[in-house]
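Trainee: Quick one: sequence plus predicted model below, questions after.
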Amino acid sequence: MTVQVLIPDIGEANDVEVIEILVSQGETVEADASLVVLESDKASMEIPSPTRGTVARVHVSVGDNVDEGDLLLELDPEPETEAGNEPQPASESEPVPEPAPESEKENENENEQESEPALEIAAEPPSKIRAESSDSGVTAISLKDKGIPQVHAGPAVRKQAREYGVQLLSVKGTGHQGRILKEDIQNYVADRLNNSSDQTLPTIPEVDFSRFGEIELKALPKIRQVSARNLHRSWLNIPHVTQFDEADITDLEEFRKQQSSELAEEGVKLTPLAFLIKASVVALQKFPQFNASIQPDFKHLILKKYFNIGIAVETEEGLVVPVLKEADKKGVIQLAKDSADLASQARNRKLPFDAMQGATFTISSLGGIGGTAFTPIINAPEVAILGVSKARVSPVFNGESFVPRTILPLALSYDHRAIDGAEAVRMLRFLADVLSDMRRVIL
């Protein structure tokens with residue numbers, strides 16, 4: 001019977017170096033005696049013997065790099081004797097078998113290595129491992145006392161599993177006594193690739209929070225459920241980057257308040273959002289790659305010649321994004337009216353279905369609530385979204401003195417697959433310049 005001693009769980013380290021071998025072939029070692037010393041870039045550790053026995057063969061050399069599951073050495077186990085019960089030497093009349101040639105021993109050991117099941121050691125200190133004889137006459141390292149599942153696989157199979165990134169505990173072995181074969185690893189990988197449900201990210205484990213205290217279940221409205229799925233999909237599929245900038249809207253605010261007072265009798269309220277929409281359309285016309293979608297095969301960018309601006313609206317049921325159609329064909333006053341109507345319909349749950357379709361660019365303005373900056377999530381299949389925080393009055397040096405100026409924080413999140421960082425900087429800077437001087441709109 002032979003015990004195969006494998007490299008145990010060595011944490012997150014990979015390719016740990018063997019820096020010292022403490023035993024040699026034919027040497028008798030006691031249980032828990034150190035066999036080799038491993039060293040990673042953070043620490044060193046000694047691998048102890050799981051049982052008393054004689055070293056039959058050492059499979060590593062100083063300088064080798066090893067991983068969890070690699071074969072370290074083989075032991076011929078010997079029973080631990082008590083006083084008075086030592087085994088008696090063979091009598092002179094008994095024939096003493098001649099030792100087999102060295103080449104035969106090597107072939108024998110290689111066959112044993114390939115045929116004997118090895119046991120995966122799962123995150124358990126080597127000193128806690130003991131030897132146990134199986135029904136087949138092969139001694140395996142037992143972790144039954146610790147409740148750790150046993151996995152039978154040879155070193156070559158374990159190496160293949162590591163290369164494929166496969167956890168052996170997830171694979172069902174078809175070999176003798178459940179032994180995992182190379183074909184089992186290959187079939188497991190093929191099944192995972194063919195099964196689309198297995199290509200999702202690992203799920204967050206469910207937790208029974210009632211074990212820790214009182215809880216209450218509150219049903220999510222349908223709008224929040226849909227938003228959650230859409231946001232999750234966008235965040236996972238789009239490589240987001242957010243560019244920040246500021247716009248000096250001192251003159252714009254003065255003009256807006258003046259015009260809003262004059263239009264009050266007509267029931268028109270000029271909001272900052274109307275100017276944001278108008279300025280955004282001008283910026284999108286100058287930088288058409290932001291008013292686009294990227295093809296799934298990444299071969300083309302679909303540039304849209306129409307300008308439909310999505311407006312994020314907060315409602316009691318959750319966030320909705322109605323779409324203001326043909327924004328490029330409307331003036332600021334009409335944009336103010338239409339955006340107010342869409343927001344009212346959204347809050348009263350009277351939006352028609354098509355009112356939330358066809359957006360080419362989205363604006364999410366939190367200015368009425370507060371905040372200094374945030375990173376909005378792109379509303380796929382769009383490639384960009386503008387986030388607007390609350391304007392503030394700050395002292396700005398004009399070359400001679402500090403003067404109060406109204407500063408508007410802007411955040412542009414963009415799809416890095418379709419847009420480069422330099423393009424985002426230029427686009428957002430242009431937008432800030434337009435907001436600082438709306439006369440640029442007529443240019």
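Mentor: Now that the structure is in, tell me what you want to look at.
Trainee: Beyond the lengthiest strand in the chain, next helix or strand please.
Mentor: In the chain, taking DSSP state E as the definition, the longest strand is strand 402-415. Proceeding N to C from strand 402-415, the next assigned helix or strand is helix 421-436, under DSSP states H and E.
Trainee: other SSEs contacting that next one?
Mentor: Packing partners of helix 421-436 (3 or more C-beta pairs under 8 Å, 6 or more residues apart in numbering; DSSP states H and E): strand 240-248, helix 250-263, helix 272-286, strand 402-415. C-beta coordinates here come from the backbone N, C-alpha and C atoms, glycine included.
Trainee: Export those to a markdown table and append columns for mean pLDDT.
Mentor: Formatted as a markdown table, the helices and strands packed on helix 421-436 follow (pLDDT from 0 to 100):
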| stretch | mean pLDDT |
| --- | --- |
| strand 240-248 | 97 |
| helix 250-263 | 93 |
| helix 272-286 | 97 |
| strand 402-415 | 97 |
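Trainee: Quickly compare those and say which is most buried.
Mentor: Ranked by average neighbour count under the criterion mean count of other C-beta atoms under 10 Å, these are headed by helix 272-286 at a mean of 22.
Trainee: What lies in contact with that helix?
Mentor: 249, 252-253, 256, 290-291, 307, 309, 311, 324, 327-328, 331-333, 335-336, 339, 360-361, 363, 365, 367, 386, 388, 391, 408, 427, 430-431, 434-435, 438, 440-441 (C-beta atoms under 8 Å, 6 or more residues apart in numbering).
Trainee: Any idea what Val5 is bridged to?
Mentor: Leu73 (DSSP bridges).
Trainee: Let me see the contact set for it.
Mentor: Contacts for Val5 (C-beta under 8 Å, 6+ apart) come out as Leu35, Ile47, Ser49, Pro50, Leu71, Leu72, Leu73, Glu74, Leu75, Ile141.
Trainee: The fifth one: neighbour count?
Mentor: This means Leu71. Counted with other C-beta atoms under 10 Å, residues neighbouring Leu71 total 20.
Trainee: Settle this for me: it is touching Leu6, isn't it.
Mentor: Yes - Leu71 lies in contact with Leu6 (C-beta atoms under 8 Å); the separation is 6.0 Å.
Trainee: before we move on, the earlier item: let's have the helices and strands packed on helix 421-436 in CSV, adding distance to Glu206.
Mentor: Output for the helices and strands packed on helix 421-436, formatted as CSV (distance: least, C-beta to C-beta, whole Å):
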stretch, distance to Glu206
strand 240-248, 28
helix 250-263, 50
helix 272-286, 41
strand 402-415, 31
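Trainee: Out of the ones you listed, flag the one nearest Val23.
Mentor: strand 240-248 (54.7 Å; C-beta to C-beta).
Trainee: Buried subset of the contacts of Val5, written for PyMOL?
Mentor: The PyMOL command for the buried members of those (criterion: 16 or more other C-beta atoms under 10 Å) is given here:
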select buried, resi 35+47+49+50+71+72+73+74+75+141
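Trainee: Give me the subset of the contacts of Val5 that lies in strands.
Mentor: Judged by DSSP E, strands contain the following of the contacts of Val5: Leu35, Ile47, Leu71, Leu72, Leu73, Glu74, Leu75, Ile141.
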